[in-house]
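Asks: below are the sequence and a predicted model; questions follow.
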Amino acid sequence: MCYDDADRTAGRQEAGPESPSRRAFSRLLLAGTGLAALSACTPAQSFTPSGTPGPTPGTATGSSTPTAAAAASTPPASSSSAPVPEATPAATQAPSTASPSAAARPPSAAAPGPQHSLSDPTSPWVIVNKHRPLSPATFVPPDLARPAVRLATSGEAALVNSTTAAAAERMFAAAAADGVIITLASGYRSFATQRATYGSYVNSRGQAEADTASARPGYSEHQTGWAFDIGDGSGADAFTPQFKDRPAAIWAKANAHRFGFVVRYPWMLHEITGYFYEPWHLRFIGKEAAADMRARGIGTLEQYFGLEAAPAYL
């Protein structure tokens, strides 16, 4: 507590006459005592640890720099907020048990209808390409049948499996109702036939070019019974790039999905399929999957089923 004790000091002075020098000395003493008391009652400035004067208590300040006292009274951030979790090293992270996201799943996983094997040659979804040979290599479909359609071939080439045959009959009939004549130009090929077909390409064009035009034995979709080549009723441009402009090819490209077929080797997707554009080669995969591929704008079975591209043999 501060108070002014000048009166007490004066009251303690001795009685009696005072000399001028004594009175002068007393005045000086009283003045010094008053200054000391005034100094003692004036609040001292506070200092930050750096030595910079801080605000005096009770005095507003525009500075946002906390004083040492304020910093001491402020709780650490970790005690007033939730701690930030540290990243767990990849090597010590526990494996995720969550199901894969939709983005990581192939489009076919969301296809309506039942799912099928991609490896079983009796499955409508079997994928045969330059990375995926048939197993067994000499597979023969157990239900080969000749569809009741217009034929431009004979022998085993006029056969497909029974499911494909029934779908082909419906598709060819629908095309005919639209005034378009489609012919079956080449269906099933046995392992032996494919070996001879591939060999003739190699002999005439060399193996490198043959691999872009004909499948090696054991690697042909024709051997599965799920695929066939079509021709136009006019017989023109069979197995040539110009076939794409024929009524049969135009109609099939626009309507084949309604019957479960896709154009297996589309334009400019040979880096995925391994074969140049074949507008005549149709592959049965079922109506649900074929319609789903078309609705999504997916061109190849490799993309639809989430498989790697197969531009060349391994």
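Replies: Ah, there it is.
Asks: where in this structure is pLDDT low?
Replies: 1-103 (pLDDT under 70).
Asks: in it, which spans are helices?
Replies: Remark: helices assigned in the chain by DSSP state H are 6-11, 20-41, 68-73, 77-80, 162-177, 191-205, 207-213, 247-255, 270-273, 287-296, 301-304.
Asks: in stretch 144-164, which residues are buried?
Replies: By neighbour count on 16 or more other CB atoms under 10 Å, the buried set for stretch 144-164 is 144-145, 147, 149, 152-153, 156-161, 163-164. Where C-beta positions appear, they are placed from N, C-alpha and C, glycine not excepted.
Asks: check contacts around Tyr198.
Replies: Ala210, Ser214, Ala215, Arg216, Pro217 (CB atoms under 8 Å, 6 or more residues apart in numbering).
Asks: so the nearest residue to the last one once chain neighbours are set aside versus Ser214, what's the distance?
Replies: This means Pro217. Leaving aside its sequence neighbours, Pro217 sits nearest to Arg195 (CB to CB, 6 or more residues apart in numbering; 3.9 Å). Computed as CB to CB, to the nearest Å, the Arg195 to Ser214 distance reads 10 Å.
Asks: who has more neighbours, the two?
Replies: In terms of neighbours (other CB atoms under 10 Å), Ser214 is the more surrounded of Arg195 and Ser214; the figures are 19 against 15.
Asks: from memory the more buried one sits against Thr197, does it?
Replies: Yes. The pair Ser214 / Thr197 is scored as a contact, 5.8 Å apart, by CB atoms under 8 Å.
Asks: residues in contact with both of the two, list them for me.
Replies: By CB under 8 Å, 6+ apart, no residue touches both Ser214 and Thr197.
Asks: now do the nearest residue to Gly274 once chain neighbours are set aside against Asp211, distance only.
Replies: For Gly274, ignoring the flanking residues on the chain, the nearest one in space by CB to CB, 6+ apart is Lys130 at 4.4 Å. Separation of Lys130 from Asp211 (CB to CB) stands at 8 Å.
Asks: my read is that Thr163 contacts Ile285, right?
Replies: No. With contact defined as CB under 8 Å, Thr163 does not count as touching Ile285 (10.7 Å).
Asks: which residues are in contact with each of these two?
Replies: Taking CB under 8 Å, 6+ apart as the contact rule, Thr163 and Ile285 both touch Pro124.
Asks: what is the neighbour count of the residue nearest to Gly274?
Replies: By other CB under 10 Å, the residues close to Lys130 number 18.
Asks: phi and psi next, for it.
Replies: phi -70, psi -10 (degrees, to the nearest 10).
Asks: doesn't Leu307 make contact with it?
Replies: No. Using CB under 8 Å, Lys130 makes no contact with Leu307, being 11.6 Å away.
Asks: from Ser154, how far off is the residue nearest to Glu278 when sequence neighbours are not counted?
Replies: In this structure, Glu278 finds its nearest non-sequential neighbour in Tyr265, 4.2 Å apart by CB to CB, 6+ apart. Distance of Tyr265 to Ser154, given as CB to CB: 25 Å.
Asks: cool, and Trp125?
Replies: Counting by CB to CB, the gap from Trp125 to Ser154 is 29 Å.
Asks: one more: Ile127?
Replies: Distance of Ile127 to Ser154, given as CB to CB: 29 Å.
Asks: also Asp120?
Replies: To Ser154, Asp120 is 29 Å away according to CB to CB.
Asks: one more: Arg195?
Replies: As judged by CB to CB, Arg195 and Ser154 stand 20 Å apart.
Asks: then His222?
Replies: 15 Å.
Asks: ok, back up a step: quick one: contacts for the residue nearest to Gly274?
Replies: Contact partners of Lys130, counting by CB under 8 Å, 6+ apart, are Asp211, Ala215, Tyr219, Gly274, Ala310, Pro311, Ala312, Tyr313, Leu314.
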